[in-house]
Each structure stands twice: as C-alpha cells, then as structure tokens.
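Peer 1: Got a sequence here, can you build the structure:
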Amino acid sequence: MTYSFFSEYYDGLTENVGYKERADYLVELCRRHNHQWGTTLDLACGTGSLTLELYKRGIDIFGADASCDMLSEAQRKSYESDAKILYICQKMQELELYGGIDTCICTLDSINHLTKPDDVKRTFNNIAKYMTTGGLFVFDVNTVYKHRVILGNNCFIYDTDEVFCSWQNALDEKTDTVRIILDFFVPEGGVYKRECEEFCERAYSDSELTDWLVETGFEVRAIYDDMTFQKPKEISERNFFVAERI
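Peer 2: I've put the predicted structure just below:
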C-alpha cells in the first residue's frame, strides 16, 4: 500500500484526528513515565502532521514511512514551517537506521497495517535493535472490538470541498482483518474522476502484542485507553502501549 492517491487528501479526511492534542498527550505521557525524549523516531509518520507538532515542542525528531507520496506531503509541510526534519522512506518491518534512538512513536493504528504477526514481531525487533536501554516505544492500535463492531462490514462516507470518499469494509472474522476499499470522486471539468485504493488492517489482542514485545526485548509499562491515562475498557476502540527497552 503506497497511498499514492490517498496522500493528496489524507490531511483533509483526517482533520478530526487532533494532532496538536495528540502531541500534547504524548508529551504528558513521557513526563508521567519520567522519560526524556532524546532522539525520537516517528514511525509510519504519514504526512508528518504529528512529527511537525512534536518538532515545534522542541523534540529532536525524524520520520519514516513506506509511502514516498506521504513523505512528499510531509516534506512540503516542513518546508513551509521552516522545520528541519529528516524523513526516510522505509517499511516498518525493514527498518534500518543510521544510529540509535531513545524514543519511538507509532500512532494512528499504523501497527494494524501489518497483517502478518511475523511482520509485527520483526518491526518490534527492529525498534529494539536501535533503541537505547531505558528507551520508550509508544504506539497505538485499533482494538479487536473496533474491528468487529465499529469497522466490521460497514460503509462510511466523507464529503469535503476537495473530494467525495466512499469507505467500504469487509471483515474476515477468523483473523479480525478488515479489507478497506476507498473510492475517491474528485470534481474535474464538470464531471467526477474516480480513483480507488485498497488496503487491510488487522487487530491483535493486548496479550498478543504484550507477548511479542517481551520476546523482542521490551517490558510493557502501561496500556491506556486512547488519549487518556485510564485502563482500556471492553469497548475501547484504540489503545496506547508504553513499552520500555530493557
């Protein structure tokens, strides 16, 4: 999945994400865990909105993503903000860095895009390989509940000034994998041009993710309900993991 077309409209379709609030939350999360950010990787950074917000808060951060088109948008925003942020084009499960990191964040259900457990383990292992002892790996995931109940086999519609987007899901109940089909309709010369992109996301249980983190050299310090410091509920749709490199 390269997000070649989606990248043009990603920011407009994710305006409700609240990047400033998420950046503030991550800063507070690290403070509560007595962690100094140090050199920070924003893994699967997308168009760099969160990367830029953390950079503005004085964090030494760089980003990595598998989509060149997403990174082009990230570089454009950094240039317009006069922000000196390095971006590298790499898949999570094939990560190769030039040096060590003290913090890694991976947000907005990017881990769910890894639909093979072995790829999740490889990603965790790669992060551990480059992370200093005591470093923090903070990531969020869509929950099994969200995949089964909220996403499921449902359809969603997004209508902005730039694009009309139809989002259709198909759930594989055996693996909790959702196949997502996005149809974009863009006004062009009095007619609508249609583009389509497709990808999958898989939900993993908290226990699975915890086991894989431990196997790859981490210790789970906390699991929080999205944007809170409370324990997840049965109906939580997104959970945050805080794992320390040991």
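Peer 1: Provide the secondary structure category for residue 73.
Peer 2: helix (DSSP: H, G, I helix; E, B strand; the rest coil).
Peer 1: Which pLDDT value belongs to the residue lying closest to it once chain neighbours are set aside?
Peer 2: Excluding the flanking residues, the one nearest residue 73 by CB to CB, 6 or more residues apart in numbering is residue 47, at 4.0 Å. All C-beta atoms are positioned from the backbone trio N, CA, C, and that covers glycine. At residue 47, the model reports a pLDDT of 94.
Peer 1: what's the spacing between residue 47 and residue 68?
Peer 2: 12 Å (CB to CB, to the nearest Å).
Peer 1: for residue 194, same thing?
Peer 2: Distance from residue 194 to residue 68, by CB to CB: 23 Å.
Peer 1: Can you give me the domain boundaries for the chain?
Peer 2: Following the assignment in automatic domain parsing, the chain carries domains at 6-142+204-245, 146-201.
Peer 1: Any idea how far apart the tips of the shortest one sit?
Peer 2: In this case it means domain 146-201. The first and final residues of domain 146-201 sit 11 Å from each other (CA to CA, to the nearest Å).
Peer 1: got it, and stretch 50-65?
Peer 2: 13 Å.
Peer 1: Buried by neighbour count: which residues of it qualify?
Peer 2: Neighbour counts over stretch 50-65 (16 or more other CB atoms under 10 Å) mark 50-55, 59, 61-65 as buried.
Peer 1: Show only the entries of those found in helices.
Peer 2: 50-55 (DSSP state H).
Peer 1: Looking at those residues, which is nearest residue 34?
Peer 2: residue 54 (18.3 Å; CB to CB).
Peer 1: Test my guess that the closest one contacts residue 40.
Peer 2: Yes: with contact defined as CB atoms under 8 Å, residue 54 reaches residue 40; the gap is 7.1 Å.
Peer 1: Give the residues shared as contacts by these two.
Peer 2: Counting by CB atoms under 8 Å, 6 or more residues apart in numbering, the residues touching both residue 54 and residue 40 are 61, 105.
Peer 1: Show the model's pLDDT score for the residue of the chain most remote from its centre.
Peer 2: Relative to the centre of the chain, and counting by CA atoms, centre = their mean, the farthest-placed residue is residue 190 at 36.0 Å. We note a pLDDT of 83 for residue 190 in this prediction.
Peer 1: The one 4 residues further on too?
Peer 2: Per-residue confidence for residue 194 comes out at a pLDDT of 92.
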